[in-house]
Structures are given as C-alpha cells and as structure tokens.
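>>> take this sequence and fold it.
(4 chains)
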Protein chains: 2
Amino acid sequence: MTATADSTDGSDEQRSEAVARRRREILEATCETLSRKGVSATRIADVARRLGISTGLVHYHFATKDELLAEAFQFAGKAELEVLRELAAVDLPPRRRLNAVIEEFCPRGEFVSWRLWIEGWAEALRSERFRATSRELDEAWIGVLEDTITAGVASGDFICPSPHDSAWRLSCLIEGLAIQLVAHGGTIDSVEMARLVDAAVSAEVSGG
Amino acid sequence: MTATADSTDGSDEQRSEAVARRRREILEATCETLSRKGVSATRIADVARRLGISTGLVHYHFATKDELLAEAFQFAGKAELEVLRELAAVDLPPRRRLNAVIEEFCPRGEFVSWRLWIEGWAEALRSERFRATSRELDEAWIGVLEDTITAGVASGDFICPSPHDSAWRLSCLIEGLAIQLVAHGGTIDSVEMARLVDAAVSAEVSGG
DNA sequence: TAACGAACTGACCGATGCGTCAGTATTTCG
DNA sequence: CGAAATACTGACGCATCGGTCAGTTCGTTA
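Sure thing, here's the model as predicted:
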C-alpha cells in the first residue's frame, strides 16, 4: 500500500512518523510556493526543488497535482484554525479579546497567508475542495468574532443588537480592506486599515 | 503593419471600424470565458471556438495570451467604469442615489462580472496590469460612493463625519460580502447581503 | 546476513497549448 | 481591372509539465 492511499482524511496519526513528517514538509513547501507564485504557476518541480527531493517523491506522497494543492490549502487553513482555537481559549476581558482577534485577522508582514486566501477565493469559484476549505475558515473567523462580541454583551462591556450581524460585517469589512492592502498594494497601508477597522468596531459594539 | 502594433493604448478610434469591432468581439468572448473558466484554464482556442474563428486570428489581433487576458480584463473594467459614470450623471436625491449606487455594486444574477473581479484580485497579486485595472475600478467605486455621501451631507440628508472613510468601509464591506456570496456560494444569499449592507449604510450616513 | 518492503530517484512518455508561418480570401485603391 | 495591403486560416513546431515506471537505496525484521 502506498502512502497516498488514505489521503481522503488528513489524519497522520497511524502513519509512520517519518512519512507524516515528509508529507508535512511537502505541504509546507507547497504553501510557500503557492503564496509566491499562485495556483496555476506552481509546479511540482518547484516544490521538489525547494526541498531538494525528486518530483517522483512528491507523486509518491500525493497522487495528483490537484490533490497536492487542495491538501496544501487545507493544511494552511487548518493551521489558521489552530491559531483561532488558541485565541478563543485565552481568557481576556471582552474589549481586549476583540482587539486581539482583530489584530490576528488583519494582514501583517509579508502577507503570506493572505495571498493564499485571496488565491483561494478565485480557486473556490471552480474547485469544490478549495471552496469548502475557504468557507470553513471564514465561518470559523466569523464564529470567533461573534462569540467574542456575545461575551462582551453578556458582561455589559458591549452594546450590540445583533452580534451575529456585526461579526459578519466586521469580518467582511476586514476581508475587503485586505484586498486593498494585499492585492492592490499601495492604496492603503496597515495603519490606515487599522484606523478604518477600529472605527467600525466602535460603531458595531457600542450602540445600535 | 499589423493590427497588434498599437495595442498599448486601447484607442480604437483611428483603427478601421471592422478591426475595432473584431477586437471588441474577441475581448468580449475572452471576458465570458474568463468568468466561466478562470484565468489559467482559459485557452485561446476556447475564445476562437466561441466566435467561430481560427486561433491564428486571435493572435493576429493580440500578440500574446497575456496581452489578450490583460486587455480583456481592462475592457471589462472600462465597461464597468462607464456604468459608473452614467450612474453619477443621473440626478437623484442623495438617499435614492446612494441606494442606486449600492444596488448597482452588489452581485446579481450569474455574477459574471464579480467572478471576474475575484479572479482579478488573485491575478493582481502577480500581474502589474491586472493590479492597475483592479485598483482603478475600486478607486472609481469608492469615489462615486464618497461623492454621493458628500452630496447628501451638503444637502442635509446625511450626517457623516468622514464621507471618505465611510465610502471606504462600505465599499470594502460589499466586496467582502461578495466573496461570501459569489466564491463561497451558499453561506449567504443576496437578500441577507442586502440586509447587512443596508444596516451598515444607515449607521454610516446617519450619525457618528 | 539475507530478504523484504518502504522510501526514493530521475529518465521518459504523452498530452497540451502557445505562437509561428506559409498560404488563402477579401478589401482597398491607383 | 490589377496589385498591394489587410484580414484570416489551420497545420505545425516546440517547449512545458504532469504522471509513470524500472530501478536503487535504506531500514527493518527474521
């Protein structure tokens, strides 16, 4: 049986540690390549070269290129979800948690992840697997935002008629601004973005 | 001299009417294909087949595939800018104009244009020309929104401390929601989107 | 240490699709 | 009308790249 066989579930547990590590290496290399070159320009040879392995080995672990890309995107999504879970577990006062959540969401540095999400949206137009991953990630983000706002309303820190609606609006606002920052490059900077987001946050959670 | 030579400016004026028409046909066919299949899966043969012409003829009018795609995207952008200009020229009371502008912006029907814009954002990550077109379009949208809000403030219909900021936020909110609607498909519908946008509009233009 | 299977290599095959080009049809103009 | 320019065809060359496979290395177990 080849290592590729059970790729439908991402569980690495019962696979040998070495294989799991190799798969992870390949997925990470794929994500980096994906972020720099985009879906269509990413070659299996790029991924192999980056790791100093043969293209055959990539195919040994991942049946097809589509498989590899979809799984890499999912891998990145899961990593982000992990960050989210940790963020949700930290015990902070509502206002500070909301700031932390939004801070984490907004693009920073080289935009590696955000370039991936933007690629993902375009890919989601045609690929079921990309769409599912992208949706899942977004829903998780909105969920964390909503929970945070709801907690703040319960504690009396926030006034917000519909945490659900506010979470949706804030999440979408941030994504729209991220497009300007990451894809359009130069229309706004992170400071300007933070300013616009902060104003929206204030409006959403303190009054109707 | 071939028809391709002066493709740097898009001016069709001094070109023969027949050639201009042919170029337009090809660009329109390319936009449709682009919207359905995406940038990387669009083949010159697809465009040619759709028009019942040879691939050679496409190359006769457009030097390379990159050229063709970039110009098609720009063509779609210009068409949208045209709609904007008309919208801005209509004389309506501020509230109704704002509604009309937003109505026009939000995704409808088959999402043909919106699928194109989403493709464009991903492409803008690497292509200078796609980035320029996409930016230009976005700036125009924000500009129309800002002008409309400013007019409403001047007439006393709106209360808005910063039409500029509000226009940015509304535009980005709509783009973020469009991703959910068009790319993620099924997370929300147009009615839900309209509801979320309306609430944001009310918050932005009637109070601080 | 022999043997077996898993991990890995890299050359190769086949498909695909862009761009070219020699040639053909059509229009323009002297 | 004849000739030159323009519009157009479609087959072909050529490069690219995904996926296969025969063979090699490595680790593990009897």
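
>>> is any part of stretch A:182-202 close to chain B?
Yes - residues of stretch A:182-202 contacting chain B under Cβ under 8 Å from any Cβ of the partner chain: A:Val182, A:Ala183, A:His184, A:Gly185, A:Gly186, A:Thr187, A:Ile188, A:Arg195, A:Leu196, A:Ala199, A:Ala200. Using the backbone N, CA and C atoms, a C-beta is placed for each residue, glycine as well.

>>> can you tell me the average pLDDT over that stretch?
Stretch A:182-202 shows a mean pLDDT of 94.

>>> run through who's touching it.
Residues outside stretch A:182-202 that contact it (Cβ atoms under 8 Å, 6 or more residues apart in numbering or on different chains): A:98, A:102, A:106-108, A:111, A:114-115, A:118, A:169-170, A:173-174, A:177-178, A:180-181, B:121-122, B:124-125, B:131, B:134-135, B:138-139, B:165, B:168-169, B:172.

>>> shouldn't A:Glu25 be in contact with A:Gly52?
No - applying Cβ atoms under 8 Å, one finds A:Glu25 not in contact with A:Gly52, separated by 10.4 Å.

>>> taking chain A, what residue is nearest to DNA strand C?
A:Gly56 (2.1 Å; Cβ to the nearest atom of the strand).

>>> ok, that residue - how many residues close by?
As a burial measure, A:Gly56 scores 9 neighbours (other Cβ atoms under 10 Å in any protein chain shown).

>>> ok, A:Ile53 next?
Neighbourhood size, A:Ile53 [other Cβ under 10 Å]: 17.

>>> how about A:Thr148?
For A:Thr148, using other Cβ under 10 Å, the count is 26.

>>> would you mark the buried spots in the host helix or strand of it?
Take DSSP states H and E as the rule and A:Thr148 turns out to sit in helix A:128-154. By neighbour count on 16 or more other Cβ atoms under 10 Å in any protein chain shown, the buried set for helix A:128-154 is A:129-135, A:137-138, A:140-142, A:144-146, A:148-153.

>>> can you check stretch A:92-106 too?
Across stretch A:92-106, burial judged by 16+ other Cβ under 10 Å covers A:Pro94, A:Arg97, A:Leu98, A:Val101, A:Ile102, A:Phe105, A:Cys106.

>>> so how far is the helix or strand harbouring the third one from its chain's centroid?
Taking DSSP H and E as the criterion, the element that holds A:Leu98 is helix A:94-105. The gap between the average C-alpha position of helix A:94-105 and the chain average comes to 16 Å, counting by Cα atoms, centre = their mean, to the nearest Å.

>>> next: stretch A:105-115.
Relative to its chain's centre, stretch A:105-115 lies at 9 Å (Cα atoms, centre = their mean).

>>> ok, now stretch A:36-45?
Counting by Cα atoms, centre = their mean, stretch A:36-45 comes out at 19 Å from the chain centroid.

>>> kindly report the domain assignment for chain A.
If you go by automatic domain parsing, the domain ranges for chain A are A:1-63, A:67-207.

>>> and the helix or strand A:Ala18 falls within, how far from the chain's centre?
Using DSSP H and E, the element containing A:Ala18 is helix A:17-37. Relative to its chain's centre, helix A:17-37 lies at 16 Å (Cα atoms, centre = their mean).

>>> can you mark which positions in it are buried?
Neighbour counts using 16+ other Cβ under 10 Å place A:22-23, A:26-35, A:37 of helix A:17-37 among the buried residues.

>>> for B:Val90, state which of the residues you listed is nearest.
Nearest to B:Val90 among these, counting by Cβ to Cβ, is A:Ser35 at 43.0 Å.

>>> separation between the closest one and B:Pro107?
Per Cβ to Cβ, to the nearest Å, A:Ser35 is found 27 Å from B:Pro107.

>>> equivalent analysis for A:Leu57, please.
Counting by Cβ to Cβ - A:Leu57 and B:Pro107 are separated by 43 Å.

>>> try A:His184
From A:His184 across to B:Pro107, the span is 19 Å (Cβ to Cβ).

>>> rewinding a little: looking at A:Leu57 and B:Pro107, which is more packed in?
Counted by other Cβ under 10 Å, A:Leu57 and B:Pro107 do not tie: B:Pro107 has more neighbours, with 21 against 14.

>>> contacting residues for A:Ser166?
A:Ser166 neighbours (Cβ under 8 Å, 6+ apart): A:Leu145, A:Glu146, A:Ile149, A:Cys160, A:Glu204, A:Val205.

>>> whoops, A:Glu146 was the one
By Cβ under 8 Å, 6+ apart, the residues touching A:Glu146 are A:Pro163, A:His164, A:Ser166, A:Ala167.

>>> and if you look at A:Pro94?
Residues in contact with A:Pro94 (Cβ under 8 Å, 6+ apart) are A:Thr148, A:Ile149, A:Ala151, A:Gly152, A:Ser155, A:Asp157, A:Phe158.

>>> correct me, but the fourth one touches A:Arg96?
No - checked against Cβ under 8 Å, the pair A:Gly152 and A:Arg96 is beyond contact range at 10.2 Å.
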